[in-house]
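Student: Got a sequence here, can you build the structure:
(chains A and B)
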Number of protein chains: 2
Amino acid sequence: MSKIAVKPITFPGPYLIFLGDLKDRVNAKTGQGLADWRPEMCLGQLRLDGCTIDLGLPDMDISLAAREGVRSMVIGIAPVGGGIKEEWIEVFAECLKAGINIVNGLHTQLADIPTLSASATLGNAQIYHVRTPPSDLLVGTGRKRSGKRVLMVGTDCGVGKKYSALCIHRALQERGISATFRATGQTGIMIAGSGIPIDSIVVDFVTGAAELLSPDNEADHWDVIEGQGALHHPGYGAVSLGLMYGSQPDAIVLCHEATRTRVDGFPGYHIGDLTARIEEALLFASKTNPNVFCAGISVNTSWLEGESTEDYLAKLEKVTGLPCVDPMRGDLDLLLDRLLEGK
Amino acid sequence: MSKIAVKPITFPGPYLIFLGDLKDRVNAKTGQGLADWRPEMCLGQLRLDGCTIDLGLPDMDISLAAREGVRSMVIGIAPVGGGIKEEWIEVFAECLKAGINIVNGLHTQLADIPTLSASATLGNAQIYHVRTPPSDLLVGTGRKRSGKRVLMVGTDCGVGKKYSALCIHRALQERGISATFRATGQTGIMIAGSGIPIDSIVVDFVTGAAELLSPDNEADHWDVIEGQGALHHPGYGAVSLGLMYGSQPDAIVLCHEATRTRVDGFPGYHIGDLTARIEEALLFASKTNPNVFCAGISVNTSWLEGESTEDYLAKLEKVTGLPCVDPMRGDLDLLLDRLLEGK
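Tutor: Coordinates of the predicted model:
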């Protein structure tokens, strides 16, 4: 079966971040992520009456954004319930008519709203829905690809896989090494401006999607791949395994949240011993890349109490024999050394 | 999130098997499977001019089938290219108008053909598409369910997982044990009259679908679950893992084709040592059922050459210490004993 090559979702910058009338910082996570990780791409923020969140970006309305060269307005908020307010629609319509694309991570398909599809046509603008995977995906082939790949492997959901990948990506670039952050979830895709929402793929095609996400590359180029779920996770294990097989990682980094002992929201399921989790991950990763190794452990120590980050990491290093780091607090030198030396 | 309970695809018997103008026995696999495994449900076959296949069932046209009480006509063929011939449409329309449902395993969605959707309305008949999974599935919960489950675990695709499950199911029933065959692929679903096409599910919901497939049951009831793919398969591993996690098997049966050493169609991928494959499978199955064990190995020895089935199985038993059987050639007593004793 020959097909035209399918591509990950990709949308153009620079961006305007839409914050609506948001009052709750937690729900501004995506906008905050963009401002933190892609400041050079964020020209401004659009805040409606009543918005109390400030990402520290210049305030812009649509006409100013158009003059400044904004290419896409990113809906950087996840309102409670996921709904869209009536007054937002007007702003979205004005945006599309001005030729600025909209990047949508909400559940609502904006293109299904007639005013907005008409406005998009008028302005020759696109509506990107980052929860919708590319269509016409193929089954994974298992074919070895050129270039290097490191995959974040979680001990649970929400332990810091995305931030670990972003930190490792930045640290590699700071060393002058060619690297790309490969996003597999909606927030990551918004930050990267490209990616595949790996958990939305039909399971038959999930390894194929992961193969597509990190294509052949220069021999010394690193793809730093955002992980999803956890291999032992009773709900999301298949997502993690499909991503792992298709990624064919040369190296993995175990990502963990220091205080987490149980799988969040799944009573009776424990994370258990980190060394055992690494061994399992390597056993399975070796199916599509026999030379895979673990470069280290990336720990989110934000919620640690009664023990310092340094003590926790030193103890973990002793037990595992691997570089252990909180990438938001310490430097990644030892982990990167091990990664680049090939263990 | 509370939802109405989602159900597997289920369609009513007895059946008429539609063979069209088929000339090639390989493409009558589904019809043959039904005639072999559900003879009591197959009242007849419908053959058009030119058909050279005979399942040994009474020939019937639609009006006779209606008089005989047929509830569903199963399209028991997979023509090359998967297409539908113009002359079939007339038969399908007549069938639906007569109030007989159609069970479709072809890629074409028959309900999209206006004549057929109109005929279905007229006859108050359903068109079941066994490749389309139920909608509104939920993420797996990992909650322990009552009843017993045995899952077929393959060393590759096409090694005999469906037939192994059907044989084990039949042998359990012959011992007077309450058991249900749980189908996970389209042919299995047609044979069982119910099931979920597990490889068509969005990966986030695959464990949830597998949980739905084998619900709570009597403590001594066995679900015999058709496997999919292979855990180490570079294309389909995620399908296998999601099915395994959601099935929470009490026991697994490794299914193997005696002459297969490589993963079919995936150059460079080997099946390797069967004991290692069992250990890996148990390692992962133990994530959602810590007491899981391997009840034995089910081997398709049809293509064995230069060695007798008996010699092959005796050798494998010696190496693995497990009951090894070709379920289409020998009896399943030792495997069943081990299964029922809880190892």
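Student: How about the residues of the stretch 151-300 of chain A by chain B?
Tutor: Within the stretch 151-300 of chain A, the residues that sit near chain B (C-beta under 8 Å from any C-beta of the partner chain) are A:198-204, A:206-208, A:232, A:234-239, A:241-242, A:245, A:263, A:266, A:268-269, A:280, A:283-284, A:287-288. Where C-beta positions appear, they are placed from N, C-alpha and C, glycine not excepted.
Student: Render the CA-only coordinates of stretch A:70-81 in PDB, please.
Tutor: Taking Å, rounded to 0.1, in the frame of the first residue of the first chain, the C-alpha atoms of stretch A:70-81 are listed here in PDB:
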ATOM      1  CA  VAL A  70       1.400  37.200  14.400                       C
ATOM      2  CA  ARG A  71       0.700  34.100  12.300                       C
ATOM      3  CA  SER A  72      -1.200  32.000  14.900                       C
ATOM      4  CA  MET A  73      -3.300  32.700  17.900                       C
ATOM      5  CA  VAL A  74      -2.900  29.900  20.500                       C
ATOM      6  CA  ILE A  75      -5.800  29.300  22.800                       C
ATOM      7  CA  GLY A  76      -3.600  29.000  25.900                       C
ATOM      8  CA  ILE A  77      -6.300  28.100  28.400                       C
ATOM      9  CA  ALA A  78      -8.300  25.100  29.600                       C
ATOM     10  CA  PRO A  79     -11.400  26.500  31.100                       C
ATOM     11  CA  VAL A  80     -13.300  24.400  33.600                       C
ATOM     12  CA  GLY A  81     -15.700  22.200  31.600                       C
END
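Student: which of the residues in that stretch are buried?
Tutor: Under the neighbour-count criterion of 16 or more other C-beta atoms under 10 Å in any protein chain shown, stretch A:70-81 has A:70, A:71, A:72, A:73, A:74, A:75, A:76, A:77, A:78, A:79 buried.
Student: Out of those residues, flag the one nearest to residue B:150.
Tutor: residue A:78 (42.4 Å; C-beta to C-beta).
Student: sec struct for the closest residue to that closest one other than its chain neighbours, please.
Tutor: With C-beta to C-beta, 6 or more residues apart in numbering or on different chains as the criterion, residue A:78 has its nearest non-adjacent residue at 5.0 Å, and that residue is residue A:27. Applying DSSP: H, G, I helix; E, B strand; the rest coil to residue A:27 yields a three-state assignment of helix.
Student: so residue A:27 touches residue A:75, yeah?
Tutor: No - contact between residue A:27 and residue A:75 fails when scored by C-beta atoms under 8 Å: they sit 11.3 Å apart.
Student: Using the centroid of chain A, identify the residue furthest from it.
Tutor: Ranking residues of chain A by C-alpha distance from their mean position (C-alpha atoms, centre = their mean) puts residue A:122 at the top, at 31.9 Å.
Student: Okay, helices next: where are they in the stretch 101-250 of chain A?
Tutor: A:114-123, A:161-174, A:186-192, A:206-213, A:237-247 (DSSP state H, counting those that start in this stretch).
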